[in-house]
Structure formats: structure tokens, C-alpha cells
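Chemist: I would like the atomic coordinates for the input below:
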Amino acid sequence: MKIKRKRKTIEAVDGQNLRPDLHVVENENNESLLQKKKRKMPLFIKVPMWLIGGYLFFCFMVGGYRMLELKEQLKVMEEEQQVLVREQQQLEAEIEALHNEEIIEKMAREGLGMVKPGEIIIINAHLEEDIPEKKEIHDSYIAD
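Modeler: This next block holds a predicted model:
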């Protein structure tokens with residue numbers, strides 16, 4: 001059973017169209033439905049819209065990829081920062097230790113071979129090892 005439809009424009013009481021794009025559709029059962037006219041968009045509008053949409057999608061994808069790269073780079077830099085902070089803490093601890101008189105004395109005795117007045121240095125000499133030579137300290141090495 002086919003339904004036959006008649007199309008007529010909705011008219012106001014005085015004969016004018018209420019909305020020109022709406023029509024009453026009547027079928028055999030005399031039921032009326034409002035149906036909107038389908039307007040086809042011209043091709044010269046569709047093509048630029050698809051091109052613009054494609055371009056925006058491409059830009060979105062490139063931006064997302066770039067954001068992922070920047071997140072990876074941020075992780076690497078944060079790891080480097082943690083390493084540098086640990087190194088800085090070690091250097092600060094070393095500087096703090098250099099202000100201690102006992103450590104300064106130990107470094108002077110071991111590194112420079114200095115002794116207190118009246119002390120004698122005993123060096124164990126092994127035949128296989130070279131015997132260290134006496135170091136001379138000039139006045140130019142001493143800071144004012």
C-alpha cells in the first residue's frame with residue numbers, strides 16, 4: 001500500500017504564508033505533518049568547507065604531535081634538573097666541609113706534605129713503587 005502525499009503551503013487566515021519553508025504533508029489517512037524543505041548546498045560552498053575542515057583537522061593533528069614531543073622533552077629536562085640539583089647539593093656539602101679546620105689540615109698534610117713544627121714524616125717505601133720526591137713550595141704559591 002503506497003501512501004500518496006499532497007504538499008500544500010501553510011497559509012494564515014488572510015491567505016499569506018506563515019513560513020514559506022514549511023509545508024503540510026497530507027497522506028491518505030488525512031494526517032498532516034510539517035515537513036521542512038531540503039535545501040541542497042551548492043558545490044562551490046561544499047568544496048571550500050571540506051578543504052577548510054581538512055586543513056583544520058591537519059593542524060589539530062600536527063599540534064597534538066608537537067605537544068607530545070614537548071611533553072617528552074619536558075620529562076628529559078626534569079630528569080636533568082634532578083641530576084643537577086643532586087650535584088649542586090654535593091658541591092654545597094663540599095664547600096661546607098672546606099670551612100672545617102680539621103678537613104683543611106688533613107688536606108694540607110696529605111696533599112701538600114705539610115707538617116706541624118716538630119713532626120717527622122714517615123713514608124713507607126716499597127721497592128716496586130717509586131719513592132715520592134720532596135716538593136718545593138715557592139712564595140708564589142702562597143696567597144696573600
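
Chemist: right, and the helix or strand after the lengthiest helix in the chain?
Modeler: The single longest helix within the chain, with elements called by DSSP state H, is helix 43-98. Tracing the chain past helix 43-98, the next element assigned as helix or strand by DSSP states H and E is helix 101-112.

Chemist: how about residue 39, secondary structure?
Modeler: Under the three-state scheme (DSSP: H, G, I helix; E, B strand; the rest coil), residue 39 adopts coil.

Chemist: gap between it and residue 45?
Modeler: Note on residue 39: its distance to residue 45, by CB to CB, to the nearest Å, is 11 Å. To be clear about C-beta, it is placed using only N, CA and C from the backbone, and glycine gets the same treatment.

Chemist: what's the answer for residue 92, then?
Modeler: Per CB to CB, residue 92 is found 68 Å from residue 45.

Chemist: where does pLDDT dip in the protein?
Modeler: 1-38, 125-144 (pLDDT under 70).

Chemist: same thing but at 50, please
Modeler: Scanning the chain with the threshold set as pLDDT under 50 gives 12-13, 33, 143-144.

Chemist: got the phi/psi numbers for residue 118?
Modeler: Residue 118 adopts backbone torsions of phi 90, psi -10, taken as degrees, to the nearest 10.

Chemist: show me what contacts it?
Modeler: Applying CB atoms under 8 Å, 6 or more residues apart in numbering to residue 118 gives no contacts.

Chemist: neighbours around residue 103, how many?
Modeler: By other CB atoms under 10 Å, 13 other residues sit near residue 103.
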